[in-house]
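Asks: Sharing a model prediction with you, sequence too.
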There are 2 protein chains.
Amino acid sequence: MKITVLGNGSASPTLDRNPSSVVLEYRNKLYLLDCGEATQYRFLEHNISFTKLSYILISHLHGDHFLGLFGLLSTLNTWGREKELTLVGPLGLKEILITQFKYQQTILNYTIRFIETQSVEKQQVIETKDVTIFTFPLQHRIETTGFLFVEKMQDYKLKKDKLPMNIKLEHIHQLKSGNDVYENDKIFYKNSDYAKEPDAPKQFAYCTDTIFDPSILAYFNKVDLLYHEATFLDEHAARAASTFHSTAKQAATIALQSDSKQLLIGHFSARYTEINSFKTEAETVFSNTVLATNGLVIEI
Amino acid sequence: MKITVLGNGSASPTLDRNPSSVVLEYRNKLYLLDCGEATQYRFLEHNISFTKLSYILISHLHGDHFLGLFGLLSTLNTWGREKELTLVGPLGLKEILITQFKYQQTILNYTIRFIETQSVEKQQVIETKDVTIFTFPLQHRIETTGFLFVEKMQDYKLKKDKLPMNIKLEHIHQLKSGNDVYENDKIFYKNSDYAKEPDAPKQFAYCTDTIFDPSILAYFNKVDLLYHEATFLDEHAARAASTFHSTAKQAATIALQSDSKQLLIGHFSARYTEINSFKTEAETVFSNTVLATNGLVIEI
């Protein structure tokens, strides 16, 4: 899984930050998480394929998380997309898009499959041969969900040098599925002799925007990468709470308590002109912290 | 009148052009014409005051002309605006904004006075002590209007060295209005002895998006600056006509036939990587042509 940061700002615009957006690439498909204003220009800037884009997931309907959506969808249409696109987002998103397309008098050449989220409980919203995607509730000023990507369990890896030349295809399938192969009720091929357990499925959790809320620990654990908003520094913890945002230290606390392997923080308030203090503060709680910066790529 | 170009691109995004937007400053007020995606970032880039923004006028509801509006209106709110804002635009714009604000659960601290345009005939939409603004129909794929700014006629300029010391205030007002002053039915002060005619009111016309349409010559004449779209070069005139756009040569023809003093062309299609050819082509018809470029300022 390759994760590219397209924006690290919050609602107030600044020239050196773009609003929220992260793109995840896995097995030649792109999953876009949030789509702040002008996200389509970040695709151009970082040479990201519009064609591979298959899923767009919107956390909530504050402008800095979805205002780039209409421009992006229009460009896909102008550029001849015919392949279905799946759009995951809260109540209202569909109505907003339909209203705009109506007055723009645009008929799309491609289908948008719309999946409406709820922010009451964890829910599986997508399942493909590659990944399972869940939403889970976040506490913010309006209905908001986090997202959890879980890679599908891979096949057991065959020890090719150990396999007999004449092994049947049916037995190979059984070994790949992690099973022993029986003939006449007796073990014929013991799985561990011929195959290795695959790596644990990779997991990526995305939590923005949210107040510091340890109840989200119920929704993910031991993820390879946790993106958690850090709009404020600890010195403005009261402001963070009153606006339903988090501090760098609070993001790190969630990373620590969820036993995450790595923490990526972003959504920095425009009031801070430099962002290194966010890293310093988070690292006092959770050392493996990375700052979201425009174009940053993390492979997990 | 100071006119600043904020974008010169058309619908397909490119990294080196921004979508349509022009800001006009006159007597400490800003009038924004069109508001493509990320226009608020252009305000930051060119250090344009958000506070002075008083009027926003949207030509039509294609995304490259209005998608930056919601972000801009939200930022004005976040930054504490309380002063009324006037928004001029076609049917549908109000509904689009209301739908978005509803789901964003935003209550604005300021009032938006909404003026709905029609694209049937020329119409006066704004009149202040400084300017009169008209809309007029343009022929495009959806309802579209052009805009005409006409400076209010200024007072006659008093020849201060000629004025008698004891002249009455009432007589000064009469001279400023361009009238002779009578006492007992006889000329007491002949206007031309004491006052000079003011300069002709400045005029600015804005025409985008539009097919080449000489019928718009009925709506403006002898303007100081004409902004006219030039999406294509003459070699793609057929494509221009079929998409209801104009070529550089056609824009220049409108400038020539309307006896405009200067022509500003923009809205260049992404298919052209260099734009000097637009100027070369337009100048074969109308010599005083300027290319719209990001941040260009024209004073009229």
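Replies: Yep, that arrived.
Asks: Please name every helix or strand in contact with the longest helix along chain A.
Replies: For chain A, the longest helix by residue count, based on DSSP state H, is helix A:93-104. Counting by 3 or more C-beta pairs under 8 Å, 6 or more residues apart in numbering or on different chains; DSSP states H and E, the packing neighbours recorded for helix A:93-104 are helix A:69-78, strand A:112-116, helix B:93-104. From N, CA and C alone the C-beta is placed, and that goes for glycine too.
Asks: Which is the succeeding secondary structure element to the second one?
Replies: Read it as strand A:112-116. Per DSSP states H and E, the first helix or strand lying C-terminal to strand A:112-116 is strand A:123-127.
Asks: avg pLDDT for that next one?
Replies: Across strand A:123-127, pLDDT averages out at 98.
Asks: Can you dump the C-alpha atoms of the longest helix of chain A in PDB for me?
Replies: Extracted C-alpha coordinates of helix A:93-104, given in PDB (Å, rounded to 0.1, in the frame of the first residue of the first chain):
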ATOM      1  CA  LEU A  93     -23.200  14.500  -0.400                       C
ATOM      2  CA  LYS A  94     -25.400  12.900  -3.100                       C
ATOM      3  CA  GLU A  95     -27.900  15.700  -3.000                       C
ATOM      4  CA  ILE A  96     -25.200  18.400  -3.200                       C
ATOM      5  CA  LEU A  97     -23.700  16.700  -6.300                       C
ATOM      6  CA  ILE A  98     -27.100  16.100  -8.000                       C
ATOM      7  CA  THR A  99     -28.000  19.800  -7.400                       C
ATOM      8  CA  GLN A 100     -24.800  21.000  -9.000                       C
ATOM      9  CA  PHE A 101     -24.900  18.600 -12.000                       C
ATOM     10  CA  LYS A 102     -28.500  19.600 -12.600                       C
ATOM     11  CA  TYR A 103     -27.700  23.300 -13.100                       C
ATOM     12  CA  GLN A 104     -24.500  22.500 -14.900                       C
END
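Asks: That helix to helix B:93-104, inter-axis angle?
Replies: For helix A:93-104 against helix B:93-104, the angle by axes from the mean of the first three to the mean of the last three C-alpha atoms, to 10 degrees is 170 degrees.
Asks: okay, the angle between helix A:93-104 and strand A:112-116?
Replies: Going by the same axes, to 10 degrees, helix A:93-104 makes 140 degrees with strand A:112-116.
Asks: The helices and strands packed on helix A:93-104: which one's closest to B:I211?
Replies: helix A:69-78 (18.6 Å; C-beta to C-beta).
Asks: Counting by contacts, list what the closest one packs against.
Replies: Using 3+ C-beta pairs under 8 Å, 6+ apart, helix A:69-78 sits against helix A:39-45, strand A:53-57, helix A:93-104, helix B:63-66.
Asks: Return the most buried member of those.
Replies: Stretch with highest mean neighbour count among these: helix B:63-66 (a mean of 26; mean count of other C-beta atoms under 10 Å in any protein chain shown).
Asks: for that helix, packing partners?
Replies: On a contact count with 3+ C-beta pairs under 8 Å, 6+ apart, helix B:63-66 meets helix A:69-78.
Asks: Quick one: mean pLDDT over the helix it packs on.
Replies: Mean pLDDT, helix A:69-78: 97.
Asks: Just the C-alpha atoms of it, please, in PDB.
Replies: The C-alpha trace of helix A:69-78 is given here as PDB (Å, rounded to 0.1, in the frame of the first residue of the first chain):
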ATOM      1  CA  LEU A  69     -14.900  16.700  -5.400                       C
ATOM      2  CA  PHE A  70     -17.100  18.400  -8.000                       C
ATOM      3  CA  GLY A  71     -14.200  19.700 -10.000                       C
ATOM      4  CA  LEU A  72     -12.500  16.300 -10.000                       C
ATOM      5  CA  LEU A  73     -15.700  14.400 -11.000                       C
ATOM      6  CA  SER A  74     -16.200  16.900 -13.800                       C
ATOM      7  CA  THR A  75     -12.700  16.500 -15.100                       C
ATOM      8  CA  LEU A  76     -13.000  12.700 -15.100                       C
ATOM      9  CA  ASN A  77     -16.000  13.200 -17.300                       C
ATOM     10  CA  THR A  78     -14.400  15.700 -19.600                       C
END
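Asks: just how off-centre is the helix or strand just after it within its chain?
Replies: Sequence order places strand A:85-89 as the next helix or strand after helix A:69-78, per DSSP H and E. Taking the mean of its C-alpha atoms, strand A:85-89 sits 13 Å from the chain's own mean (C-alpha atoms, centre = their mean, to the nearest Å).
Asks: tell me the domain ranges of chain A?
Replies: If you go by automatic domain parsing, the domain ranges for chain A are A:2-154+A:199-299, A:157-196.
Asks: mind checking the end-to-end distance for the first one?
Replies: According to C-alpha to C-alpha, to the nearest Å, domain A:2-154+A:199-299 extends 4 Å from its N-terminal end residue to its C-terminal end residue.
Asks: How far does that domain sit from its chain's centre?
Replies: Its chain's average C-alpha position is 6 Å from that of domain A:2-154+A:199-299, according to C-alpha atoms, centre = their mean.
Asks: Could you pull up phi and psi at A:A205?
Replies: Phi and psi for A:A205, reported as degrees, to the nearest 10, are phi -110, psi 140.
Asks: correct me, but A:K176 touches A:K159?
Replies: No - counting by C-beta atoms under 8 Å, A:K159 is not a contact partner of A:K176; they are 11.7 Å apart.
Asks: Of those two, give the one with the bigger neighbour count.
Replies: Remark: of A:K176 and A:K159, A:K176 carries more neighbours, 17 against 13, as counted by other C-beta atoms under 10 Å in any protein chain shown.
Asks: average pLDDT across the helix or strand where A:K279 lies?
Replies: Assigned by DSSP H and E, A:K279 belongs to helix A:276-283. Averaged across helix A:276-283, pLDDT comes to 98.
Asks: Return the list of helices and strands in contact with it.
Replies: Going by 3+ C-beta pairs under 8 Å, 6+ apart, helix A:276-283 lies up against helix A:248-257, strand A:263-266, strand A:289-291.
Asks: could the ones you listed be laid out in JSON lines, adding distance to B:N28?
Replies: Listed next are the helices and strands packed on helix A:276-283 as JSON lines, based on distance: least, C-beta to C-beta, whole Å:
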{"stretch": "helix A:248-257", "distance to B:N28": "42"}
{"stretch": "strand A:263-266", "distance to B:N28": "38"}
{"stretch": "strand A:289-291", "distance to B:N28": "41"}
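Asks: Comparing the ones you listed, which comes out most buried?
Replies: Most buried of the helices and strands packed on helix A:276-283, by mean neighbour count (mean count of other C-beta under 10 Å): strand A:263-266, with a mean of 27.
Asks: can you list contacts of that one?
Replies: For strand A:263-266, contacts defined as C-beta atoms under 8 Å, 6 or more residues apart in numbering or on different chains pick out A:3, A:5, A:7-8, A:20, A:208, A:225-230, A:248, A:251-252, A:255, A:278-279, A:282, A:286, A:288-292, A:298.
Asks: list residues touching both of A:K176 and A:K159?
Replies: Applying C-beta under 8 Å, 6+ apart, one finds that A:K176 and A:K159 are jointly contacted by A:A195.
Asks: and the contacts of strand A:263-266, which are buried?
Replies: A:3, A:5, A:7-8, A:20, A:208, A:225-230, A:248, A:251-252, A:255, A:278-279, A:282, A:286, A:289-292, A:298 (16 or more other C-beta atoms under 10 Å in any protein chain shown).
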